[in-house]
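> All I have is the shape, not the residue letters:
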């Protein structure tokens with residue numbers, strides 16, 4: 001058990017070494033890896049964090065959420081069986097105080113604490129009503145709900161690959177699914193008493209324990225869901241058990257969260273923030289300007305401002321250089337031409353000069369990736385030792401094999417991109433013109449708000465309404481290669497590529513069940529080769545692993561370098577010196 005609990009420790013060490021090797025000469029990182037607790041200078045001062053969000057909040061439902069924006073909020077509203085420590089990235093106790101696998105590894109038993117409560121926060125009065133304690137049956141309800149095909153949970157497809165019986169429920173058509181099937185005994189998760197949860201697995205998955213902090217396995221309040229139905233996550237309706245409450249979620253304007261004053265102190269991380277305001281601002285330049293005016297506590301660095309920020313000594317104590325371990329890629333729709341053809345996918349992946357892309361498009365803020373699983377994940381193939389990468393001659397041969405010599409007869413391609421990612425398409429279309437002879441007029445791009453992008457690329461969207469290719473990124477949910485090649489690329493998960501099953505999927509399943517670490521290393525290398533080698537399937541075109549610059553005011557401190565590698569950042573781990581903040585604002 002301890003060995004599994006410590007599986008993610010190497011991740012932080014690898015990332016520290018990796019990021020340090022990429023820091024520009026003369027640039028010193030602020031020491032943000034420890035938490036400084038600053039006392040409020042007046043008892044009646046509310047400690048407020050002012051932030052900006054470029055995207056809307058797609059979901060507050062732990063079993064439904066798929067995106068980093070939603071997951072970051074859920075992390076702070078709902079507790080899980082376990083959690084990732086914001087500094088060490090070790091799996092740590094949360095609702096569960098103890099756990100143990102069976103001798104054969106097919107069953108896990110968790111012992112829960114009994115002092116965490118469900119609350120309903122009333123935004124109008126600013127008060128919270130205590131509903132009842134969180135009990136083991138709530139965990140069981142949440143996990144079984146994740147397996148319900150009727151709620152359209154992508155992460156239900158992840159749970160269904162490891163939890164016994166969840167696969168049978170999830171494989172049932174939504175029309176034939178009943179509450180008796182979902183919440184009966186088919187999914188083998190049980191609560192022998194109020195403080196004990198037993199989870200049976202389909203096989204002895206060595207990575208299962210590292211999945212236990214995940215949001216889709218978190219308890220939810222059954223009575224609230226049954227009372228309010230689809231409206232159960234609306235502020236004022238929602239019941240939560242975490243360190244913060246949601247006070248407001250006004251689309252296009254703001255979302256606000258306030259601290260749960262009755263939250264158990266030992267489940268906090270030493271921070272002092274009482275309220276968090278996210279103002280919705282799509283333009284990063286505006287966010288940066290507000291940061292400069294001391295109206296925001298943090299900001300990303302706009303591409304156009306990066307060099308000036310790096311050269312300005314006034315930012316030396318505010319600038320951090322980190323990675324989120326997110327790998328960005330172009331996703332191919334396998335359900336319609338031209339990228340239903342593997343040769344076309346190979347061609348368009350191998351015209352990407354990733355080094356040039358990183359320098360020209362994201363201003364050096366990335367590490368080239370020619371396969372998918374990034375460094376730091378258990379059993380990841382050595383970076384850039386597997387995969388084709390940039391090879392225009394190979395691309396030209398493959399496009400001819402696809403039936404489009406010199407791009408003759410190549411159809412129009414609809415591209416869906418993040419807002420602000422139009423330059424990605426321009427880079428790609430320029431490469432297609434230079435190396436393949438394709439006219440830039442073949443490419444049309446629509447830049448979409450993130451939640452809309454997720455919707456149009458969803459597998460449930462009719463093929464005729466789906467783009468041919470799109471931009472997305474994947475950040476880790478747990479520190480194992482299975483989270484990448486299986487949970488994203490497998491034909492068994494309900495993901496957007498509409499990829500048909502092949503022998504590679506058999507190898508992915510075999511690797512997930514293998515107990516020998518050395519054998520798993522080799523198997524995941526073979527999987528990456530099967531996807532991204534010269535004969536690979538290329539379900540996606542990996543581009544780069546994100547490396548980012550961020551600005552944080554000196555009065556705002558916390559574990560910026562390590563928190564949120566898995567799941568969302570922990571708001572309770574951060575501190576604001578309101579005296580210094582207000583002084584800077586002239587208040």
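Structure's in. What do you need? The structure presented is a predicted model; accordingly, all values stated were derived computationally and were not measured.

> For residue 525, which residues are in contact?
By CB atoms under 8 Å, 6 or more residues apart in numbering, the residues touching residue 525 are 381, 386. C-beta coordinates here come from the backbone N, C-alpha and C atoms, glycine included.

> Averaged pLDDT, the host helix or strand of it. What do you get?
In the assignment (DSSP states H and E), residue 525 maps to helix 517-532. Throughout helix 517-532, pLDDT has a mean value of 97.

> what about the protein, any weak spots by pLDDT?
Residue ranges of the chain with pLDDT under 70: 1-44.

> quick one, domains of it?
The chain breaks down by automatic domain parsing into domains covering 69-229, 332-546.

> Reformat the ones you listed as a markdown table; add distance to residue 252.
Listed next are the domains of the chain as a markdown table, based on distance: least, CB to CB, whole Å:
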| stretch | distance to residue 252 |
| --- | --- |
| domain 69-229 | 14 |
| domain 332-546 | 10 |
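
> Pretty sure residue 156 sits in a helix.
Yes: assigned with DSSP: H, G, I helix; E, B strand; the rest coil, residue 156 falls within a helix.

> give me every residue that touches it.
Taking CB under 8 Å, 6+ apart, we find residue 156 in contact with 63, 146, 147, 148, 149, 166, 170, 216, 494.

> Check for me that the first one belongs to a helix.
No: according to three-state DSSP, the state of residue 63 is coil, so it is not within a helix.

> The nearest residue to it once chain neighbours are set aside and residue 231, how far apart?
Closest residue to residue 63 apart from its sequence neighbours, by CB to CB, 6 or more residues apart in numbering: residue 146 at 4.5 Å. Here residue 146 is placed at a distance of 20 Å from residue 231 (CB to CB, to the nearest Å).

> Between these two, which has more neighbouring residues?
Between residue 146 and residue 231, counting by other CB atoms under 10 Å, residue 146 is the more crowded of the two (31 against 12).

> so that one touches residue 155, yeah?
Yes: under the criterion of CB atoms under 8 Å, residue 146 is in contact with residue 155, at a separation of 6.4 Å.

> Now the common contact residues for these two.
63, 216.

> Strands of the stretch 351-500 of the chain, start to end?
366-368, 413-418, 443-448, 469-474 (DSSP state E, counting those that start in this stretch).

> Highest mean neighbour count out of those?
With neighbours taken as mean count of other CB atoms under 10 Å, the strands of the stretch 351-500 of the chain reach their highest mean count in strand 469-474, at a mean of 23.

> Which secondary structure elements does it sit against?
Judged by 3 or more CB pairs under 8 Å, 6 or more residues apart in numbering; DSSP states H and E, strand 469-474 is in contact with strand 319-332, strand 413-418, helix 450-457.

> rerun that using 6 Å as the cut-off
Counting contacts by 3 or more CB pairs under 6 Å, 6 or more residues apart in numbering; DSSP states H and E, strand 469-474 packs against strand 319-332, strand 413-418.

> now the angle from that strand to strand 319-332?
Angle of strand 469-474 versus strand 319-332, following axes from the mean of the first three to the mean of the last three CA atoms, to 10 degrees, is 140 degrees.

> Which strands border strand 469-474, and is each parallel or antiparallel?
Strands that pair with strand 469-474, judged by DSSP bridges, come out as strand 319-332 (antiparallel), strand 413-418 (parallel).

> now those as a markdown table including distance to residue 111?
Output for those, formatted as a markdown table (distance: least, CB to CB, whole Å):
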| stretch | distance to residue 111 |
| --- | --- |
| strand 319-332 | 31 |
| strand 413-418 | 43 |
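
> where's the helix holding residue 525 relative to the chain centroid, distance-wise?
23 Å (CA atoms, centre = their mean, to the nearest Å).

> Same question for stretch 441-458.
19 Å.

> residues contacting the residue nearest to residue 63?
With contact set as CB atoms under 6 Å, 6 or more residues apart in numbering, residue 146 has these partners: 63, 153, 156, 159, 216.

> From residue 410, how far off is it?
Plainly put, residue 146 is 42 Å away from residue 410 if you go by CB to CB.

> Kindly report the same for residue 94.
According to CB to CB, residue 94 stands 52 Å off from residue 410.

> go on, residue 241?
Remark: distance between residue 241 and residue 410 (CB to CB) = 54 Å.

> Which stretches in the stretch 351-500 of the chain count as helices?
For the stretch 351-500 of the chain, the helices defined by DSSP state H, counting those that start in this stretch occupy 354-360, 392-401, 422-431, 450-457, 482-485.

> looking at those, which is closest to residue 507?
Closest to residue 507 of the helices of the stretch 351-500 of the chain, according to CB to CB: helix 482-485, at 9.1 Å.

> same for the helix or strand following the closest one, what does it pack against?
Sequence-wise, the next helix or strand downstream of helix 482-485 (DSSP H and E) is helix 503-513. For helix 503-513, the packing partners by 3+ CB pairs under 6 Å, 6+ apart come out as helix 517-532.

> The helix it packs on: which residues count as buried?
For helix 517-532, burial by neighbour count (16 or more other CB atoms under 10 Å) applies to 520, 521, 523, 524, 525, 526, 527, 528, 529, 530, 531, 532.
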